[in-house]
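[1] generate a structure from the sequence data that follows.
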Amino acid sequence: EDIRQQLPEDTKVFETVHGEFTEMMIAAHENPLIIDNCTEGRKTTLIEMSGKIKKCEKALNDYLEQKKKIFPRFYFLSNQSLLTILSNGQNPPKVCEFIGDCFDGLKTLRFKPPANANEFSRVADGMYSKDEEEIDFSKEFVAEGQVEIWLKALEFKMRETLYEILCDAKNTSDVWDDKEKDKPREEWIKDYCAQIALLTTQIVWTEDVNRAFEELSSGAESAMKE
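    Alright, predicted model coming up:
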């Protein structure tokens, strides 16, 4: 539907050629004699059809290029997959079948059941990584509008969500060495997805090393060892 709206003239040309070609194939099926089918007139008609189809294809490629410019991750997809996504833009669960080709870590979204059983679910409250890690959204994400627009919003949502979790992970990392709170690092790590656990560990390690250098320069010779 989106393509029909964006390319109305090319859509009419394509449908006309499609109809004429279908009629030609039906006639060939009903009368399969080679001499009756391979005529100069039919050859001329097929060449004209081919020319029109090529113009439609060029218009379609230009259309797809505009979509890719809006959401550059579409460049990772084949035109066939991209067309399937654009054709199902109002069906987010169907789009999510291809979402893993756009993002290295994301597998799919966790959609809430739709209010109407006859409608597609558009509201997601979480996401799954390709390693089956489950991450909750602090606020629900609504996939609506043109598909390239809501996918772009989803990209921001992912970053926002992981940033929120990273802030929490950094704050809770303070209890690694707190015996009273009894949350050693090997237990703490289970509370977060691998990406966040690794990043937080690297941040803490870097802070510890920098602090050791500062103490070392202040005269504490055993700072780095400690």
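[2] show me where the chain has strands.
    Secondary structure of the chain (DSSP state E): strands located at 106-111, 123-129, 134-142.
[3] contacts for the first one next, please.
    When contacts are taken as C-beta atoms under 8 Å, 6 or more residues apart in numbering, the neighbours of strand 106-111 outside the stretch itself are 92-93, 96-97, 99-100, 121-130, 132, 134, 141, 143, 154, 158. Every residue, glycine included, has its C-beta placed from N, CA and C.
[4] again, but for stretch 204-221
    Counting by C-beta under 8 Å, 6+ apart, 170, 173, 176, 223-224, 226 sit against stretch 204-221.
[5] cool, and stretch 73-88?
    Residues from elsewhere that reach stretch 73-88 (C-beta under 8 Å, 6+ apart): 2-3, 61, 64, 67-68, 94-95, 98, 101-103, 147-148, 151, 155.
[6] ok so, going back, which among the contacts of strand 106-111 count as buried?
    92-93, 96, 99, 121-124, 127-129, 141, 143, 154, 158 (16 or more other C-beta atoms under 10 Å).
[7] excluding its backbone neighbours, what's nearest A223?
    E215 (3.7 Å; C-beta to C-beta, 6 or more residues apart in numbering).
[8] next one: that neighbour relative to R185, how far apart?
    22 Å (C-beta to C-beta, to the nearest Å).
[9] contacts only, for the residue positioned nearest the centre of the chain.
    Geometric centre of the chain, nearest residue: I99, 3.4 Å, by C-alpha atoms, centre = their mean. The contact partners of I99, by C-beta under 8 Å, 6+ apart, come to 106-109, 151.
[10] widest-spaced pair of those residues?
    Using C-beta to C-beta, the pair of those lying farthest apart is K107 and L151, separated by 14.8 Å.
[11] of those two, which one has the most company?
    L151 (21 against 15; other C-beta atoms under 10 Å).
[12] surely that one is in contact with C102?
    Yes: using C-beta atoms under 8 Å, L151 makes contact with C102 at a distance of 7.1 Å.
[13] re earlier: in a markdown table, list the strands of the chain along with mean pLDDT and distance to L77.
    A markdown table is the format used below for the strands of the chain (pLDDT from 0 to 100; distance: least, C-beta to C-beta, whole Å):
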| stretch | mean pLDDT | distance to L77 |
| --- | --- | --- |
| strand 106-111 | 95 | 14 |
| strand 123-129 | 96 | 19 |
| strand 134-142 | 95 | 21 |
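[14] thank you, goodbye.
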